[in-house]
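Q: model this:
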Amino acid sequence: MSKVTNIDDVRIGRILKREREIRCLTQVAFATAIGCKQAILSLYESGARTIPSDRVAAIATVLELDQRLINPKAA
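A: Down below sits the predicted model:
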């Protein structure tokens, strides 16, 4: 049985990758800045893993984005 991918996770992953690349950050550099391993960041960017709420703030800060862009549950 294949894993079901959440469409929001895929959309958010594409945003992360695009914004990271715009800033010329490697996955390793970005992962270090947000406090995770490169392999985990790769899963976020592919939409295979949901970003935990405690990591959203770090991502938003590093990429200088509104948290609502990467967290559909944010008010």
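
Q: Work out for me the element the closest residue in space to Lys37 that isn't next to it in sequence sits within.
A: Here the nearest residue to Lys37 in space, its sequence neighbours aside, is Ala31; by C-beta to C-beta, 6 or more residues apart in numbering that works out to 5.9 Å. To be clear about C-beta, it is placed using only N, CA and C from the backbone, and glycine gets the same treatment. If you go by DSSP states H and E, Ala31 is part of helix 27-34.

Q: Could you do Asp9 as well?
A: With DSSP H and E as criterion, Asp9 is part of helix 7-22.

Q: Then Thr61?
A: Per DSSP H and E: Thr61 is located in helix 53-63.

Q: Restricting to C-alpha, output that helix in CSV.
A: Listed next in CSV are the C-alpha coordinates belonging to helix 53-63 (Å, rounded to 0.1, in the frame of the first residue of the first chain):
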residue,chain,number,x,y,z
SER,A,53,4.4,23.4,14.2
ASP,A,54,7.5,24.0,16.4
ARG,A,55,9.7,24.2,13.2
VAL,A,56,7.4,26.6,11.3
ALA,A,57,8.6,29.7,13.2
ALA,A,58,12.3,28.9,12.5
ILE,A,59,11.5,28.4,8.8
ALA,A,60,9.5,31.6,8.6
THR,A,61,12.3,33.5,10.3
VAL,A,62,15.1,32.2,8.1
LEU,A,63,13.2,32.7,4.9
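
Q: what's the helix holding Asp9 packed up against?
A: On a contact count with 3 or more C-beta pairs under 8 Å, 6 or more residues apart in numbering; DSSP states H and E, helix 7-22 meets helix 38-46, helix 53-63, helix 67-70.

Q: which residues touch stretch 47-63?
A: Applying C-beta atoms under 8 Å, 6 or more residues apart in numbering, the external contacts of stretch 47-63 come out as 3, 5-6, 9-14, 16, 19-20, 23, 30, 33-36, 40, 43-44, 65-67, 69-71, 73-74.

Q: what about Ser53, distance to Thr26?
A: Noted for Ser53: a distance of 25 Å to Thr26, by C-beta to C-beta, to the nearest Å.
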